[in-house]
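*Asks:* the following comprises the amino acid sequence and a computationally predicted model.
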Amino acid sequence: MPAARSAAPREMSYLRILAQGLVPATTAPDVVEAVRRQLAVQGQQPSAVPHALILRADGATGSAVDAAFASGHLVRSWPMRGTIHITTAADHHWLREALMHRSDAWTRQTEARLGIDDAVLGRAADAALGLIGREGPVARARLIRAWQDAGLLDSDPAASGSWRRRHLLVRLQREGLLVQGPRRGNEHLIMDARDLPGADTGPGGSGGAAHGAAGHRAALAEIARRYATSHGPVSAADLARWTTLPQAEAARALEDAVEITNAAAYPVDPATARVPLVRARAEGGLRGSVRLLEAGAGVTPGRDVLYLRADLPELLEANRRAVARTLFLPSFDELHVGYKDRLCLTDAAGERLICPASNGMFRPLLVDRGRVVAVRPVGEGLLWADGARRSARLEAAVDRAVRRVERRLSH
C-alpha cells in the first residue's frame, strides 16, 4: 500500500504548511509576530518552543526567542485546553478569560478531591505574589518551597504531592495572577501576570471576553479568525478540539469570522496575515483536493465545511516547490497537534511512530512533500516511516533540514 499513499494528492497538507508560516512566503518578520498570528502555540515541552518559533519567523534564532520572553512580549501559561501554550502578552488575558469556563467543572472536581478551597487559593496567591514582589520572577522549585514554608503543602500529607502543587500552579495562572516568562535553561520563570494587558484590551473590548459577557462572542470570532488563518483549511471539529468549545459554538465562531473578514470595512493587510476567510470542501477527503465554495451559496456549516484564508490557493500555486521541501519540526508542532484530523500529514502507523506509547509524549518529525517521512527521537538516530520512499535525495534533504535548524537554534 505505500505506493497508494505516496501517490495521493497532498494539496490539503501543502495548504496547511503555507498557513502555518513554514515557508518564506508566509513566515512572520519576528517570533512575537509568529506567535500573534497563531494566537497560541503548543508549549508543553520548553525545549521544543524555540524550534517551533524560529521555523515561523524570518531568520530568527534561539537567542531571539529567549529575548522575546525576557522582554515580556511572550508568555507561557494555560490560557486554553488542559495544555500549556505560548501566547503574546497582549493576547494572554482575553484568551484566558474567553475559554476558562470550559474547564470549570474539572477545576471544581479536582479541588474537592485535593482539599483546596478559596482560603487555600488565597494564601497560595499571597505567598506567590509576595515572593515575586521581593525576588522578581522565580523558578518553580523556589515557589514550591515558599508554599511549603507557608504550610500549604504540609497540612494534608496525602494531598501534598505533585498533583496539589501542579494544581495550585495551574489554577493561579488560569485566574490571571501568575504567568511564566523569562527562560532559564529549560524552564520558564514564574512572574506576576497582573501587569499584562487586560482582557478589556482584546476583541471583546469593555464588554469583556468571559463566557456570558457582552464581548464573549467577539472574542470567540477572533479566536476562530486567527486559528483558521494560521491553520486552515480547518473544520469546526478542528477548532472545537483546539479550544474545547462545543462544535456548534466553534462552527458559529468560524461563520462569524468569515462575515467579519469579508465586510467592506475590514482592514485587509496580507503582510500581517489579515485576509478574508473563505469556505471550502475537500474532495476525496483530507488527502484529496480543496474546492472553494462561492460566497452566498447558502452553505450550511457542518462537518464537511472547511475554512481558510482566501489567498491560500493562489499562494500555493506560486510556492509549490517551497511547500514540498523537507521540514524538521519539533515535538508538539502545531502542524501536527493543531488539528483533530491530520490524515493529510500522516496515517495511523505514522501517529504510532510519532507517539509510540500513546502517552502524550511526541517525537520531533521530518516532513517531506507534505507527509511525515521520519521521526528523530532526542539522542537517537532517525526512524523512518513505513511509507517513506528513502532515496539519496530524501536522506540528503533530511540531513540539511536538521542541520539548518540546529544552526539557528545555537545562535
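*Replies:* Great, that's in hand.

*Asks:* mind giving me the domain split of the chain?
*Replies:* 27-206, 324-410 (automatic domain parsing).

*Asks:* quick check on residue 77: phi, psi?
*Replies:* Backbone torsions of residue 77, given as degrees, to the nearest 10, read phi -170, psi -170.

*Asks:* could the domains of the chain be laid out in a markdown table, adding mean neighbour count, distance to residue 248 and mean pLDDT?
*Replies:* No exception for glycine: its C-beta is placed from N, CA and C like everyone else's. Converted to a markdown table, the domains of the chain look like this (neighbours: other CB atoms under 10 Å; distance: least, CB to CB, whole Å; pLDDT from 0 to 100):
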| stretch | mean neighbour count | distance to residue 248 | mean pLDDT |
| --- | --- | --- | --- |
| domain 27-206 | 19 | 14 | 93 |
| domain 324-410 | 17 | 15 | 93 |
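
*Asks:* mind checking which of those domains is nearest residue 275?
*Replies:* Residue 275 lies closest to domain 27-206 among the domains of the chain, at 11.0 Å (CB to CB).

*Asks:* okay, how far is it across that closest one, tip to tip?
*Replies:* In domain 27-206, first residue to last residue: 32 Å (CA to CA, to the nearest Å).

*Asks:* from the chain's centre, how far out does that domain sit?
*Replies:* 14 Å (CA atoms, centre = their mean, to the nearest Å).

*Asks:* again, but for stretch 346-358
*Replies:* With CA atoms, centre = their mean as the basis, stretch 346-358 stands 20 Å off its chain's centre.

*Asks:* now do stretch 385-395
*Replies:* 29 Å.

*Asks:* hmm, back to that, right, and the domains of the chain - which one's nearest residue 236?
*Replies:* domain 324-410 (9.6 Å).

*Asks:* now the end-to-end length of that closest one.
*Replies:* When the termini of domain 324-410 are compared using CA to CA, they are 26 Å apart.

*Asks:* next, residue 268: phi, psi?
*Replies:* Dihedral pair for residue 268: phi -70, psi 130, per degrees, to the nearest 10.

*Asks:* is it in contact with residue 260, as I believe?
*Replies:* No. With contacts counted by CB atoms under 8 Å, residue 268 stays clear of residue 260, the gap being 11.6 Å.

*Asks:* between those two, point out the one with more neighbours.
*Replies:* Taking other CB atoms under 10 Å, residue 268 and residue 260 do not tie; residue 260 has more neighbours (18 against 12).

*Asks:* which secondary structure element contains that one?
*Replies:* Using DSSP states H and E, residue 260 sits in helix 247-261.

*Asks:* residue 353 too?
*Replies:* helix 348-354.

*Asks:* contacts for the next helix or strand after that helix next, please.
*Replies:* Once the chain leaves helix 348-354, the next helix or strand it forms, by DSSP H and E, is strand 365-368. The contact list for strand 365-368, computed with CB atoms under 8 Å, 6 or more residues apart in numbering, reads 17, 324-329, 333, 335-336, 345, 354, 372-376, 382, 388, 394, 397-398, 401-402.

*Asks:* the residues you listed in helices, which ones?
*Replies:* Of the contacts of strand 365-368, the ones assigned to helices by DSSP state H are 17, 324, 335, 336, 354, 394, 397, 398, 401, 402.

*Asks:* got CSV for those, with distance to residue 50 too?
*Replies:* CSV is the format used below for those (distance: CB to CB, whole Å):
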residue, distance to residue 50
17, 20
324, 25
335, 16
336, 17
354, 20
394, 26
397, 22
398, 20
401, 16
402, 15
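
*Asks:* the stretch 51-200 of the chain: strands as residue ranges?
*Replies:* 74-77, 85-88, 178-184, 187-192 (DSSP state E, counting those that start in this stretch).

*Asks:* I'd like those as a markdown table, with distance to residue 279 appended.
*Replies:* As requested, the strands of the stretch 51-200 of the chain are exported to a markdown table (distance: least, CB to CB, whole Å):
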| stretch | distance to residue 279 |
| --- | --- |
| strand 74-77 | 32 |
| strand 85-88 | 27 |
| strand 178-184 | 36 |
| strand 187-192 | 38 |
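
*Asks:* looking at these, which is closest to residue 51?
*Replies:* Comparing the strands of the stretch 51-200 of the chain by CB to CB, strand 85-88 comes nearest, at 12.1 Å.

*Asks:* mind saving the C-alpha coords of the closest one as CSV?
*Replies:* In CSV, the C-alpha atoms belonging to strand 85-88 read as follows (Å, rounded to 0.1, in the frame of the first residue of the first chain):
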residue,chain,number,x,y,z
HIS,A,85,0.6,27.2,25.4
ILE,A,86,2.7,30.2,24.3
THR,A,87,0.9,33.5,23.6
THR,A,88,1.8,37.1,23.3
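
*Asks:* partners of that strand in the sheet?
*Replies:* Using DSSP bridges, strand 85-88 pairs in its sheet with strand 41-42 (antiparallel), strand 74-77 (antiparallel).
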